[in-house]
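Participant: Using only what follows, build the 3D model:
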Amino acid sequence: MAEFQRFRTLWQRLNTRQRFILLQIILFASAVLPLGLYRLSRGEIGHAVFDGVLLLILSLLVWLSLSDRFLDLATRIMSITYVIGVFGVVYLMGEIGLFWAFAAGLGSFFAVKSLEALVISVVIYLLIVWQDFGGADLPTMITFSACFALVAAFGYYFSSRLWQENERLDREAHRDRLTNLLNRRSFDDDLALTISDGSPLEHGCSMLVIDLDDFKGINDMYGHAAGDRVLKGVAEVLERTIPKDAKLYRFGGEEFVILCRESIEDARNLGESLRLAIGKADLLRSSDRQITVSIGVSERRTEDDSRSWFHRTDGALYRAKQNGRNQVAIA
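Facilitator: Here you go, the predicted model:
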């Protein structure tokens with residue numbers, strides 16, 4: 001039961017693209033493994049070795065696809081594997097291997113972007129032509145060509161729509177609509193992963209919670225449209241100032257959060273840089289009012305969970321507010 005719960009948690013953390021990739025790997029592996037064992041039992045060593053190599057590549061792809069960093073690499077390796085696989089199957093099995101071209105061509109549309117997948121389908125078809133359709137007769141060649149072209153056309157149309165819709169849904173689910181920053185949901189997911197990844201803490205891992213001072217007064221005096229412009233302006237200043245490997249979130253309302261791989265001292269210095277940059281920015285046009293922020297900073301501790309780490313950082317922010325605002329406080 002515990003193993004199933006861990007698997008379920010891992011699956012829920014994956015994005016839609018990763019789930020597509022893993023589902024394809026599972027389906028292909030479940031088809032290739034029985035065939036490989038069957039061929040091995042019949043003494044078809046060459047075919048069995050070929051199937052074994054495919055299974056090893058699929059196992060590698062599982063590991064790569066679980067990482068956001070290597071996801072694009074995994075999809076491209078998968079597409080190349082499809083091309084090589086179809087070529088090998090038609091070469092080894094002849095005409096009967098043509099059936100695998102449909103699965104490989106269609107699978108590519110769910111692995112890489114639609115145009116890349118269309119190119120892969122064309123490459124698969126040209127390799128099959130080069131193999132003389134596995135020795136098939138003319139009616140089979142014509143029928144296969146027509147069916148493969150239709151599958152490629154349908155795959156291109158539906159996958160392009162699917163990619164667009166998936167990107168839209170992913171953006172709505174993980175991005176704040178006003179500032180286009182990562183939202184509260186993304187922060188909760190990333191914070192849980194940061195806590196659970198077991199990475200060493202020698203180089204530091206810090207959180208900054210940033211809150212605009214007297215934002216209600218800005219809305220009351222200048223209106224909500226001006227308040228929205230201020231929020232967007234603050235988001236732009238923060239994005240320009242934080243390190244490239246840091247992550248920035250709009251937590252909610254006038255509050256922002258940063259996760260970064262910095263020591264507590266470097267994180268404090270970053271907080272000061274952010275505070276000064278926002279104070280200098282002309283965020284309320286045609287007004288002399290200065291926009292200021294209060295910032296709480298804390299470093300992750302070994303015993304921290306998501307709630308305790310954020311609570312400690314939020315406590316530092318509260319102390320900065322109590323001490324007069326427009327300052328950085330360390331937990």
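Participant: what about residue 269, distance to residue 206?
Facilitator: According to C-beta to C-beta, to the nearest Å, residue 269 and residue 206 sit 11 Å apart. Glycine gets a C-beta too; all of them are placed from N, C-alpha and C.
Participant: higher neighbour count, these two?
Facilitator: Comparing residue 269 with residue 206 by other C-beta atoms under 10 Å, the one with more neighbours is residue 206, at 26 against 14.
Participant: quick one, phi psi at that one?
Facilitator: In terms of degrees, to the nearest 10, the main-chain angles of residue 206 are phi -120, psi 160.
Participant: And for it, nearest residue in space, chain neighbours not counted?
Facilitator: The shortest distance from residue 206 to any residue other than its chain neighbours is 3.6 Å, reached at residue 267 (C-beta to C-beta, 6 or more residues apart in numbering).
Participant: likewise residue 317?
Facilitator: Per C-beta to C-beta, 6+ apart, closest to residue 317 is residue 296, 3.0 Å.
Participant: returning to what we had before: next helix or strand past the helix or strand encompassing the residue nearest to residue 206?
Facilitator: Per DSSP states H and E: residue 267 is located in helix 264-280. Scanning forward in sequence from helix 264-280 by DSSP H and E, the next helix or strand is strand 293-299.
Participant: Extract the CA atoms of that following strand and return them as CSV.
Facilitator: Taking C-alpha atoms only, strand 293-299 is exported to CSV below (Å, rounded to 0.1, in the frame of the first residue of the first chain):
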residue,chain,number,x,y,z
VAL,A,293,8.7,46.0,0.2
SER,A,294,9.4,44.0,3.3
ILE,A,295,11.3,40.7,2.9
GLY,A,296,11.7,37.7,5.2
VAL,A,297,14.7,35.3,4.6
SER,A,298,15.5,31.9,5.9
GLU,A,299,17.7,29.0,5.0
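Participant: Now do the helix or strand containing residue 233 against strand 293-299: the angle between them, please.
Facilitator: For residue 233, the element it lies in under DSSP H and E is helix 224-241. Counting by axes from the mean of the first three to the mean of the last three C-alpha atoms, to 10 degrees, helix 224-241 lies at 40 degrees to strand 293-299.
Participant: tell me what the helix or strand following helix 224-241 is packed against?
Facilitator: Note on helix 224-241: by DSSP H and E, the next helix or strand toward the C-terminus is strand 247-252. Packing partners of strand 247-252 (3 or more C-beta pairs under 8 Å, 6 or more residues apart in numbering; DSSP states H and E): helix 184-196, helix 224-241, strand 255-260.
Participant: Share the number of residues neighbouring residue 310, please.
Facilitator: Neighbours of residue 310 using other C-beta under 10 Å come to 20.
Participant: Next: residue 283.
Facilitator: With other C-beta under 10 Å as criterion, residue 283 counts 22.
Participant: Could you give the backbone dihedrals for it?
Facilitator: The phi and psi values for residue 283, taken as degrees, to the nearest 10, are phi -90, psi -20.
Participant: Could you check how far residue 128 is from residue 74?
Facilitator: Applying C-beta to C-beta, the value for residue 128 to residue 74 is 25 Å.
Participant: follow-up on the earlier one: okay, the angle between the helix holding residue 267 and helix 224-241?
Facilitator: 140 degrees.
Participant: Pull out the buried positions in helix 264-280.
Facilitator: Neighbour-count burial for helix 264-280, counted by 16 or more other C-beta atoms under 10 Å, picks out 264, 266, 267, 268, 270, 271, 274, 275, 278.
Participant: Assign residue 64 to helix, strand or coil.
Facilitator: Here residue 64 is helix, with the state taken from DSSP: H, G, I helix; E, B strand; the rest coil.
Participant: how much space between the nearest residue to it once chain neighbours are set aside and residue 14?
Facilitator: Once flanking residues are discounted, residue 64 sits nearest to residue 74: 3.7 Å by C-beta to C-beta, 6+ apart. Look at residue 74 and residue 14: by C-beta to C-beta, they are 12 Å apart.
Participant: Then residue 236?
Facilitator: 31 Å.
Participant: Now do the contacts for residue 79.
Facilitator: Shown in contact with residue 79 (C-beta atoms under 8 Å, 6 or more residues apart in numbering): 108, 111, 112, 116, 117, 120.
Participant: In a strand, it, correct?
Facilitator: No: counting by three-state DSSP, residue 79 is not part of a strand but helix.
Participant: Could you count how many residues lie near residue 15?
Facilitator: 14.
Participant: Quick check: nearest residue in space to it, chain neighbours excluded?
Facilitator: residue 170 (6.7 Å).
Participant: Would you agree that neighbour is in contact with residue 18?
Facilitator: No: using C-beta atoms under 8 Å, residue 170 is not in contact with residue 18; the gap is 11.5 Å.
Participant: Looking at those two now, which is surrounded by more residues?
Facilitator: residue 18 (18 against 13).
Participant: Since that was my last question, I'll sign off now.
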